[in-house]
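In: The sequence isn't on hand, but the structure is:
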C-alpha cells in the first residue's frame, strides 16, 4: 500500500453471525426497481429496532436479471432464520408486491431456503397460480395492475454482520468526505451492504449504559467532547468520528469491503486515524484485525 | 374543468381516522437530509405490517428550516398516539440520530405533543444536555460525530388516512403514466403524503379473504383478469388498474390532493375511468365522493 | 463425445433404449457400448451392428447421425448429459427423460417425451401426435422439464400433463392441452379443435385466435400476464429459441376453464 | 403606540415600575396613565409630572425618550407588548419580565432583568454589573427568556441563572456565569476572571480564549457543538442581532465543570 500503516490502529472489528438473503427486484425501469428497493431497505439500519439490516447491493443491467429487465439486488440480514423470514414476508409484501411493474426473484443459491412465496401467494385470494420453470417455482399473484410474479423460495445462509471501521479526523467535513469515499469504494464489493443511511453511522454505540433499561448507548470512548469522562485514548486533534458498518455473506467479502474503505478513507486530508469498534472480542464470533487486511496482498 | 365528468365514476373513497406528525430533518446538504428521510420513510406503506405510513412531504430550502440548513419534511401516520410514539422513537433513533450531520425538529404545531426527545436523550448515557430556547426544549445528544440536536416534543394531531383514487386504463403503460402525473400533481399539496413506493400502489386490497387467517386480499373487483369471478363492473377495455393512496392532516388537504391527482390523470391517453376504493362506507370515518371534489371550484 | 453413425437404412423398428448417456457411461468403452443389446423386429442384436461407434462417453455427450425414423425409445430414462441427433427420429424419443438434454436436428415421430419428468428436449423440426401426452389409460402426461419444438406438432399435445413447459413455434393439432393438470403450453402458430378441453389448472398461451373456445370456458378479461414476458426472456436466454416479437409485452384475452373440471386453468390469447 | 418624553433631567432616582405595557393597558387612557404614581426620591408624584405622554396603548407599544439613567424598575413584571427606550436607562430595568419585548437604544445600568422568567430584552449599548443575576441571598438568577446585549457587560453576568439565553456581543467582566444552574451564555468579546465559577450545568460559549480557566474545570476535547450553529441561526433570524462570522460552523475546545459542583456545565472556547 502507498499509505502509512501507522495511521491504522492495531485493533479489530468485532462482527457477528447473522443470516442473510439476496432479493432481486426487477421492474419496467431502473427508477421503479429502485423505488421498490428503497422502500424495502428503509428503516433497516439495525436488527434490534428495525428487525433486520438491509441495503441495496447494486443496480443490475437487464442482462444480469432473471427476466431481462433493469433490476436492483438487495441484501437483508437478521439474527435468525425466523427473523429473516418474518422480515422478508413483510418487506416483499409491503414494498415489492405493492410497487408498480416489479417482479421479485431469489438472488442467492443456497441449500437452505425460505418459502416466502408460499405465504405471500394467499394475497391472491385463491386466484394465484403457480408456475414451475426449469426446477424453480414461481407465483403469479393477481393484482389490479395485472399480476405480480415472484419466485417462491429464497436462499438463506449464514452471514456476517457488524464488520466496521471508524474514521477519526480533525473535522466533521474531513471524516464525512473520507467516509463518503470509503462508501463509494466498498460498494464495489459483491455480497456486502452498508445498512445505515448513505452507508455511514455517526452515532456508534457501546453495549450497556448508565441507565439499566438501555441496552446500548453512545460510544463514549469515541465521542470527542467526552474526554473528561474517558481514558483519553482518542488521538490528539480528533474532533469527529464516523463509522461504516458492513454486513455480508462471507468474511472474505466483508474484509475486502473494509480494506477498500480504509484505503479510500485513510489518505483523505484531515483523517487522523482509522480504528474499529469491538466489545473486547468476546461477544462477536469474528474478530477482524485491521492491519491483517493487507496480509498476502 | 376541461375534462368530462363522465370519466369519473360516481363513487367515493373511504378514509380513516389516523394520528399524524411532521418531522423536519435538516443536514449539511440536501443529500444527507434525504438519505435520512428516505431511511425514515422506508418500509412504511401500510400501518398493519409496517406500524406506520410515512412519506416525504417535500424538501425545504434553508430559509424554511429551523436551523437554516437544507431539510426535508416527513409526515408519519399511525392508528393511535401510542403507535405513532413507538414509530417515532424507532425511526428517529434508527434513521436520523444515526445519519451524518442531521438535526431533527418538530414540524407540526399542536396542543398535543409526544415527548420523543425525552426517551432518545438516554442514548447520550448521561452526557446529554438539554437546551431551552424561546420556549422550546432541545436535546444535545453526544455522538461520535459531535452532537445530535433534536427537539424534545413533536406535535401530533388527528389525521386522515386511506384517501385514494383508482386509475383504470387500457394498458399498464397508460395507467402508470397517468399515475406518475397524478403523483407529481398531488405532491404540490401541503399536509399530504403518498405512502407507497413512488406514490403508487398496484395491489389494492379488499377486506377479508377466502382464507380465514388473512385480513386482506387482492381487490378482486378491480383485477382485470378476474372478470370470470366478479360482478363484471369493470368498464370494457380496462386492462390495468393502479391506485394512489393519500394520507394527510386534514380532509381538505386530502381532497385537494385527490382533485389534482384526478385532473392530472384523467386526461392521459388510455385512461378509461377514475374510480375509488371503499368498503361500502361503513368502515371508515370519511367518505370522499369523487364528483364532489369540484364543488364550489 | 461419442459419435454413432447409422451404417445403413433400417426398415423394421429398432428398439434402441440403450442409446442414452446413462447406459453408455455405465458400459464405458466403445467396445462394450457396441455390444449393448437392441431388438430389431424380434431379433436381439448388438448396437454395433447398426452403428459405427467412435469416440468417448467421458464428457457425457452423444451424437447420432442418420435416418433414425425407425429407431425407437432413444434416450429412455436418461438423467444427464447431452444426446444430439442429426436426422429424423422414431417413436417414444426421450421416454421418461429425467435430466440432461436431447437435441434433434430433424423431425420426431409420435409419443415424444412420454412420462418425462425433467431435462430439456429441443426439436428443430416437426413432431408427431401425442407429444408429452399421457399413455392410454394413464392419469398423467409429463411431470416436468422443458420441451421446445421449432416446428409443428400433431394432435393431443401435452395431454394430461402434470407439470412442465412446452413451446411449439408453429401449429398444434386438435386437443392441444386436453386434460392438463398443470403446466404451461405455448403455441405460436394455429391451434386445432378444443384446446384445453377438460383442463384443470395450467396455462395455454396462444399467439393466434383459435377457431373456437369451448363453451365450458369463461371469458375473464384482458390483461398483461407478466409471467409470459418472463418465460420468453428466460427461455430465449437459456435455450436456442426465439419467440415471435408480437408476444413480447403483449396483452392477452383470458378464458378460464375448463368449468367441466376445476375451472382453474386458463387459455391466453394474444391481442393484436 | 404611546410615547413618553422626559420633560427635564432627573437627578434623584425615579422609581418608575408603573412604566410597563401591562400597567398602561390597565390604566387605559393617557390621562389615567399620566396620573400613575412614581416615587421621586421619597416623594410620591405622578408620571405625567416627569413625562410628556401622548398616543394610545391599544397596540401594546410604549416608546420612551430621554436620559433615563436615574429612572429605575422600568418594565417591572411586564408580560406582553413592546417597551422601547431611546436613551440610557437606570437600574433594575425589566425586573421580573415575563413576556413581551424590552428594547433599549442606549446603555443600561446594573441589575438588568433580575428575576426575569420570559420575554426578550435587547440592549444596543452597554450594561452594568449583575445583569440577569440572582439578587444577594437569592438562589436563582433569571429563569427564562432571551437577553441580547450588543455592547459589553460588567461583572457577575447571569449569576446563578436557572434557564434562559444571554448573548453579549462585546466583553463581560469577572465571574460571568458564576453559579449557573442551567442556560446558555454567549460572550463574543473578552471575558474576565473565573468564568463559570461553581456552575452546575449550562453552557458558556466564548469567542476568545479566556485569561484562565479555573482548575476545577477539566479539558474534555474539541468538537463541533452543533447547537451553537442552531442558536446563531435561530437568534439571527428572530432577533436584531448578528454574530461574528468566526463562530459559524466552528469547532470549540470544551471544558467541563465546575467539579466543585456537579461538573455538568461546560465552557466552550472557539478554536481559530
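Out: All right, it came through fine. Small disclaimer: the values here were computed from a predicted structure and weren't measured.
In: Counting neighbours, what do you get for residue A:207?
Out: 11 (other C-beta atoms under 10 Å in any protein chain shown). No exception for glycine: its C-beta is placed from N, CA and C like everyone else's.
In: just residue C:260 next, same as before
Out: 14.
In: And for residue 77, the neighbour number?
Out: All of this refers to chain A. 27.
In: try again with chain C
Out: For residue C:77, using other C-beta under 10 Å, the count is 18.
In: my read: it touches residue C:18, true?
Out: No: Residue C:77 lies out of contact with residue C:18 (C-beta atoms under 8 Å); the separation is 10.9 Å.
In: burial measure for the residue of chain A found nearest chain C, as a count.
Out: Nearest residue of chain A to chain C: residue A:68, at 3.8 Å (C-beta to the nearest C-beta). Counted by other C-beta under 10 Å, the residues lying close to residue A:68 total 18.
In: For the closest residue to it other than its chain neighbours, grab the count of nearby residues.
Out: Closest residue to residue A:68 apart from its sequence neighbours, by C-beta to C-beta, 6 or more residues apart in numbering or on different chains: residue C:233 at 3.8 Å. A total of 19 residues lie near residue C:233 under the criterion other C-beta under 10 Å.
In: Next one, pLDDT for residue C:233 please.
Out: Residue C:233 carries a pLDDT score of 94 in this model.
In: gap between it and residue A:140?
Out: 15 Å (C-beta to C-beta, to the nearest Å).
In: can I assume the residue nearest to residue A:68 is in contact with residue A:63?
Out: No: applying C-beta under 8 Å as the test, residue C:233 and residue A:63 come out as separate, 10.7 Å apart.
In: interface residues of chain C facing chain A?
Out: Proximity of chain C to chain A, by C-beta under 8 Å from any C-beta of the partner chain, involves residues C:118, C:144, C:146, C:163-165, C:182-184, C:201, C:203, C:223-227, C:229-231, C:233-234, C:237-238, C:264, C:266.
In: Now list the buried members of the residues you listed.
Out: The neighbour-count test (16 or more other C-beta atoms under 10 Å in any protein chain shown) marks C:118, C:144, C:146, C:163-165, C:182-184, C:201, C:203, C:223-227, C:229-231, C:233-234, C:264, C:266 as buried among the residues of chain C next to chain A.
In: ok now do the residue lying closest to residue C:210 once chain neighbours are set aside, which residues does it touch?
Out: Among residues not flanking residue C:210 along the chain, residue C:191 sits closest, at 5.0 Å (C-beta to C-beta, 6+ apart). Applying C-beta atoms under 8 Å, 6 or more residues apart in numbering or on different chains, we find residue C:191 in contact with C:171, C:172, C:176, C:206, C:208, C:210.
In: In the stretch 51-200 of chain A, which residue sits closest to chain D?
Out: Distances between the stretch 51-200 of chain A and chain D by C-beta to the nearest C-beta are smallest at residue A:172, namely 5.5 Å.
In: Leaving out chain neighbours, which residue sits closest to that residue?
Out: residue A:240 (4.4 Å).
In: Pull the number of nearby residues for that neighbour.
Out: Counted with other C-beta under 10 Å, the neighbours of residue A:240 add up to 30.
In: Would you map the helices across chain C?
Out: All helices of chain C, identified by DSSP state H, fall at C:21-27, C:30-34, C:226-238.
In: Report how many residues lie close to residue C:117.
Out: Counted with other C-beta under 10 Å, residue C:117 comes out at 19.
In: ok, it to residue C:77 distance?
Out: 10 Å.
In: Equivalent analysis for residue A:211, please.
Out: 69 Å.
In: Residue C:155 too?
Out: For residue C:155 relative to residue C:77 (C-beta to C-beta), the value is 26 Å.
In: Pop the domain breakdown of chain A in here.
Out: According to automatic domain parsing, chain A comprises the domains A:5-14+A:160-292, A:19-157.
In: mind listing what residue A:36 touches?
Out: Residues near residue A:36 by C-beta under 8 Å, 6+ apart: A:25, A:27, A:72, A:95, A:96, A:99, A:102, B:197.
In: Residue B:261: which of these is nearest?
Out: Nearest to residue B:261 among these: residue B:197, at 16.5 Å, using C-beta to C-beta.
In: Please report how far that closest one lies from residue A:41.
Out: 11 Å.
In: tell me the pLDDT at residue A:215?
Out: According to the model, residue A:215 scores 86 on pLDDT.
In: What of residue A:1?
Out: Looking at residue A:1, the pLDDT reads 55.
In: need the residues of the stretch 151-297 of chain A near chain B, please.
Out: A:166, A:172, A:175-176, A:179, A:196-198, A:200-205, A:209-211, A:213-214, A:216-220, A:222-226, A:229, A:239-243.
In: Show only the entries of those found in helices.
Out: Counted as lying in helices by DSSP H, out of those, are A:172, A:175, A:176, A:179.
In: ok, those residues vs residue B:135, which is closest?
Out: Among these, residue A:172 lies closest to residue B:135 (C-beta to C-beta), at 29.0 Å.
In: Which residues are in contact with the closest one?
Out: Here residue A:172 is in contact with A:239, A:240, B:28, B:100, B:101, B:145, B:146, D:224 (C-beta under 8 Å, 6+ apart).
In: so how many other residues sit close to the nearest residue to residue C:218 once chain neighbours are set aside?
Out: Leaving out its chain neighbours, the residue that sits closest to residue C:218 by C-beta to C-beta, 6+ apart is residue B:228, at 4.1 Å. For residue B:228, the count of nearby residues is 19 (other C-beta under 10 Å).
In: contacting residues around residue B:228?
Out: C:218, C:219, C:220, C:221, C:254, C:256.
In: Pull out the buried members of the residues you listed.
Out: Buried among the contacts of residue B:228 by 16+ other C-beta under 10 Å: C:218, C:220, C:221, C:254, C:256.
In: Now those in JSON lines, please, with extra columns for distance to residue C:50 and pLDDT.
Out: Shown next, in JSON lines, are the buried ones among the contacts of residue B:228 (distance: C-beta to C-beta, whole Å; pLDDT from 0 to 100):
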{"residue": "C:218", "distance to residue C:50": "53", "pLDDT": "96"}
{"residue": "C:220", "distance to residue C:50": "53", "pLDDT": "96"}
{"residue": "C:221", "distance to residue C:50": "56", "pLDDT": "97"}
{"residue": "C:254", "distance to residue C:50": "50", "pLDDT": "98"}
{"residue": "C:256", "distance to residue C:50": "50", "pLDDT": "97"}
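In: Show me which of the residues you listed is closest to residue A:254.
Out: Among the buried ones among the contacts of residue B:228, and counting by C-beta to C-beta, the member closest to residue A:254 is residue C:254, at 48.1 Å.
In: I appreciate the help and will end here.
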